[in-house]
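[1] Build the 3D model from these lines:
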Amino acid sequence: MTLPSPFTLPHSQFNEFLFALIGKEGNGMPLSVVSALARLEIDPWQEAARLSDLPKELAAAALDRLIRRLPAGGWDQAETPNIAARLIELLPRRDAVARLGAATSGGNKMANPPAVIWLLVVALGAAALFLVH
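    Residues are numbered from 1 along each chain as shown. Down below sits the predicted model:
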């Protein structure tokens with residue numbers, strides 16, 4: 001059974017980066033970028049977009065600082081610059097992100113109507129049923 005779209009993770013050009021492993025936590029469990037950013041109360045997709053807009057060196061330094069804010073993991077703190085650099089390589093290039101955003105935003109503005117429209121449709125349907133009885 002597939003889940004309805006509100007219960008699925010969004011697909012984006014950042015998924016390779018977001019679902020990559022930082023390393024293992026202290027308890028041996030794998031830690032992904034998406035989990036780490038969520039724990040830091042940072043929106044993972046917005047942060048990935050922000051990092052992809054930066055030059056690689058600045059993006060790696062910013063990600064290094066974020067990784068260092070995490071509770072001690074199964075990696076040495078001296079390894080975080082290398083971990084960050086490896087992960088930044090998984091981000092799409094800025095020009096590719098801009099082209100993809102322009103291509104997808106052009107023709108699909110109402111492909112998925114907002115929840116408000118669906119609520120209005122349901123409310124109107126319920127009112128029609130109520131008036132019929």
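
[2] any low-confidence regions in this structure?
    1-11, 94-123, 125-130, 132-133 (pLDDT under 70).

[3] Show me where it has its strands.
    Assigned by DSSP state E, the chain shows strands spanning 21-24, 30-32.

[4] and of those strands, who's closest to residue 41?
    Of all the strands of the chain, the one in closest proximity to residue 41, counting by C-beta to C-beta, is strand 30-32 (15.8 Å). Quick note: C-beta positions are derived from backbone N, CA and C, even for glycine.

[5] Now do the buried residues in that closest one.
    31, 32 (16 or more other C-beta atoms under 10 Å).

[6] And for it, what's in contact with it?
    The contact list for strand 30-32, computed with C-beta atoms under 8 Å, 6 or more residues apart in numbering, reads 18, 19, 20, 21, 22, 23, 24, 25, 70, 73.

[7] can you rerun that using 10 Å?
    17-25, 38-39, 44, 67, 70-71, 73-75 (C-beta atoms under 10 Å, 6 or more residues apart in numbering).
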